[in-house]
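*Asks:* Got a predicted structure plus its sequence, pasted below:
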Amino acid sequence: MQLTASAPTLEGQAQPAAPTKIVLAGKLFDPYTLQLLDNQAITICNDSGMILDVSPLSAISSNFASFDGEVIDLRHLTVLPGFVDTHVHFFLHPYAETSWVDQVTKESIVERTIKATVHAKRTLMAGFTAVRDLGTEGAGDADIALRKCLSSPGALIPGPRYFCVTRAIAPTGTYGPKSSLYVNKEGIDDVTGVDVADGTQECVKAVRRQIGAGADWIKIYADYAVRSRASEVSCRVGAASMATFDYDELKAMICTAHAYGVKVAAHATNRSTIIPLISLGVDSIEHAYDMFAPDSTAVEMFEEYAGHKTKYVPTLAAYYTMTQGKGEIWDRAANSFKAALELDLDNISCGGDTGVFAHGANALELSLMVRLGADWKKVLRWATLGGWECIRSRMWEGEAGKTRLAQVGDLKEDPRIVGDNEVPFGAVRKGFIADLIATPGNFAADFESAVSAENIQFVMKGGKIYKRDGLPLV
């Protein structure tokens with residue numbers, strides 16, 4: 001519903017645009033306090049898209065007749081910060097449609113890029129206003145150009161704020177696609193799914209190359225099924241995930257990236273790989289589905305994770321989709337997540353490895369977390385503020401970051417000055433960017449329905465409305 005009121009105007013006289021708009025929220029989720037606040041008024045600057053004020057509706061006049069800006073009445077909905085998916089692949093689509101190998105080797109860069117634009121819009125319409133894309137998977141550096149089209153002053157297409165890595169890094173012989181004819185060659189027809197690097201010098205060069213290309217993040221494949229070609233004769237050996245880089249190579253990449261002010265995400269499934277990564281200060285661990293050892297429980301394994309700032313991104317939705325929620329792999333992923341809950345681990349963010357399953361169904365990750373026992377309020381925090389805390393730049397970290405965050409209310413983080421991906425988001429507070437979504441759902445009674453794409457009735461990114469009354473405006 002939209003209410004507008006304007007001051008009297010002289011016929012034929014052009015009037016300047018109103019400087020602000022107001023969003024009225026029936027309920028407003030605060031990820032800092034985990035509270036649902038009743039009847040809030042959110043004032044937004046039209047030029048910058050920044051939030052200027054959040055106040056109880058009772059504290060301001062409910063008569064907007066003298067207000068010459070737009071009043072967006074969402075008092076019948078619950079408003080919350082836009083969701084953040086911290087692990088997507090816009091250049092992939094569900095493997096149930098086309099296998100990963102066929103996507104990478106048979107779909108052209110043009111086709112994959114056009115599909116990525118479709119995926120971006122679907123993601124935004126589902127209420128996800130920011131994502132981190134962890135690799136183009138054979139599409140080279142196409143994500144850099146896509147980012148320009150999504151997250152820049154000259155944005156051409158609708159989609160979320162877009163943080164990208166260009167190409168992930170893995171050593172020789174590790175990643176696909178793998179030729180069945182030329183088994184000692186990397187890739188097929190010169191298409192490789194990663195940037196190949198061996199030894200500390202090559203690893204440092206690969207990190208510098210990605211950063212020079214414009215990467216927001218560096219992604220490392222720290223373990224993988226390196227011996228997959230042995231699967232024909234030894235299933236367990238072929239499927240086993242094992243460490244790819246040695247300690248010195250990992251240290252060289254993480255230290256180099258951090259020296260340039262860039263964070264590092266690591267694909268890591270096994271505890272033996274994860275613990276060294278945490279000691280090296282890696283910024284996020286993707287998957288971590290196998291936090292078990294023969295003589296230890298997953299809870300004991302996660303105790304070493306607790307107390308560190310490294311974000312845990314469990315990607316439950318990918319495992320659930322690939323296994324239909326059955327079998328050993330899903331059980332390990334689910335039990336690892338339950339162990340993290342048992343330890344009250346809170347440095348979690350929501351990233352589903354979206355692309356393995358359909359873009360626009362990103363909320364499956366949130367739903368699975370709640371199904372496995374997570375408090376829905378914490379899941380909303382992990383999917384909003386926790387997402388920003390994960391994907392934001394290193395300029396927001398450390399003591400300098402604390403000082404910067406404390407000054408957000410001074411309205412210094414204007415996107416026209418700092419850039420679209422440097423603004424604070426994930427909360428509805430003064431000085432944050434106005435990335436807002438709204439749903440009629442009841443989180444406590446039916447969480448999955450409340451967060452589903454079908455129930456996201458309103459989407460705003462940067463103060464601009466992209467979806468209203470359940471209908472896309474773009």
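*Replies:* In hand now; what should we look at?
*Asks:* Give me the distance between the two termini of stretch 127-139.
*Replies:* 26 Å (Cα to Cα, to the nearest Å).
*Asks:* Let me see the mean pLDDT of it.
*Replies:* Averaged across stretch 127-139, the pLDDT comes to 97.
*Asks:* Likewise for stretch 250-267?
*Replies:* On average, stretch 250-267 scores 98.
*Asks:* list the buried ones in it?
*Replies:* The neighbour-count check on stretch 250-267 (16 or more other Cβ atoms under 10 Å) flags 250-254, 256-258, 262-267 as buried. No exception for glycine: its C-beta is placed from N, CA and C like everyone else's.
*Asks:* Quick check: which ranges of this structure have low pLDDT?
*Replies:* 1-17, 59-63, 65, 292-298, 301 (pLDDT under 70).
*Asks:* in it, which helix has the most residues?
*Replies:* helix 109-125 (DSSP state H).
*Asks:* And the contacts of that helix?
*Replies:* Here helix 109-125 makes contact (Cβ atoms under 8 Å, 6 or more residues apart in numbering) with 85, 88, 90-91, 93, 103, 107, 131, 139-140, 142-143, 145-146, 149-150, 157-160, 162, 354-355, 358-360, 362, 453, 456, 459, 461, 466-467, 472, 474.
*Asks:* do the same with stretch 193-200
*Replies:* 104, 135, 137-138, 166-172, 174-177, 186-187, 203, 205-206, 209-210, 221, 248-249, 252.
*Asks:* ok so, going back, which one of the buried residues of stretch 250-267 is nearest Ala18?
*Replies:* Proximity of the buried residues of stretch 250-267 to Ala18, judged by Cβ to Cβ, is greatest for Lys263, which lies at 38.6 Å.
*Asks:* How about the contacts made by the nearest residue to that closest one once chain neighbours are set aside?
*Replies:* Excluding the flanking residues, the one nearest Lys263 by Cβ to Cβ, 6 or more residues apart in numbering is Asp283, at 3.9 Å. By Cβ under 8 Å, 6+ apart, Asp283 lies in contact with Trp217, Lys263, Val264, Ala265, Lys309, Thr310, Lys311, Cys390.
*Asks:* cool, Lys430 as well?
*Replies:* Ile51, Leu52, Asp53, Val54, Val408, Gly409, Leu411.
*Asks:* and with 7 Å instead?
*Replies:* Contact analysis of Lys430 by Cβ atoms under 7 Å, 6 or more residues apart in numbering lists Ile51, Leu52, Asp53, Val54, Gly409.
*Asks:* Look up how far Arg132 lies from the nearest residue to it once chain neighbours are set aside.
*Replies:* Leaving aside its chain neighbours, Lys430 sits nearest to Gly409 (4.8 Å; criterion: Cβ to Cβ, 6+ apart). Gly409 is 26 Å from Arg132, where distance means Cβ to Cβ, to the nearest Å.
*Asks:* For the stretch 201-350 of the chain, just list every one of the helices.
*Replies:* For the stretch 201-350 of the chain, the helices defined by DSSP state H, counting those that start in this stretch occupy 235-239, 247-259, 271-279, 298-303, 316-323, 328-342.
*Asks:* And for the last one, what's in contact with it?
*Replies:* When you say that, I think you mean helix 328-342. Taking Cβ under 7 Å, 6+ apart as the rule, helix 328-342 contacts 288-292, 298-299, 302, 312, 314, 316, 319-320, 323, 348, 372-374.
*Asks:* is it true that Thr136 touches Leu92?
*Replies:* No - in this structure, Thr136 is not within contact of Leu92 by Cβ atoms under 7 Å, at 8.8 Å.
*Asks:* Nearest the geometric middle of this protein, what residue?
*Replies:* Thr86 (2.2 Å; Cα atoms, centre = their mean).
*Asks:* Now do the contacts for it.
*Replies:* Thr86 neighbours (Cβ under 7 Å, 6+ apart): Arg132, Val313, Ser349, Cys350, Gly351, Gly387, Cys390, Ile391.
*Asks:* Quick one: buried ones out of those residues?
*Replies:* Buried among those (16+ other Cβ under 10 Å): Arg132, Val313, Ser349, Cys350, Gly351, Gly387, Cys390, Ile391.
*Asks:* Could you pull out the helices in the stretch 51-200 of the chain for me?
*Replies:* With DSSP H, counting those that start in this stretch as the criterion, the stretch 51-200 of the chain has helices spanning 100-106, 109-125, 142-150, 199-213.
*Asks:* so how far is the second one from its chain's centroid?
*Replies:* In terms of Cα atoms, centre = their mean, to the nearest Å, the gap separating the centre of helix 109-125 from the centre of its chain is 16 Å.
*Asks:* between that helix and helix 142-150, what angle do the directions make?
*Replies:* 50 degrees (axes from the mean of the first three to the mean of the last three Cα atoms, to 10 degrees).
*Asks:* What residues sit buried inside helix 109-125?
*Replies:* Applying 16+ other Cβ under 10 Å to helix 109-125 flags Arg112, Thr113, Lys115, Ala116, Thr117, His119, Ala120, Lys121, Arg122, Thr123, Leu124, Met125 as buried.
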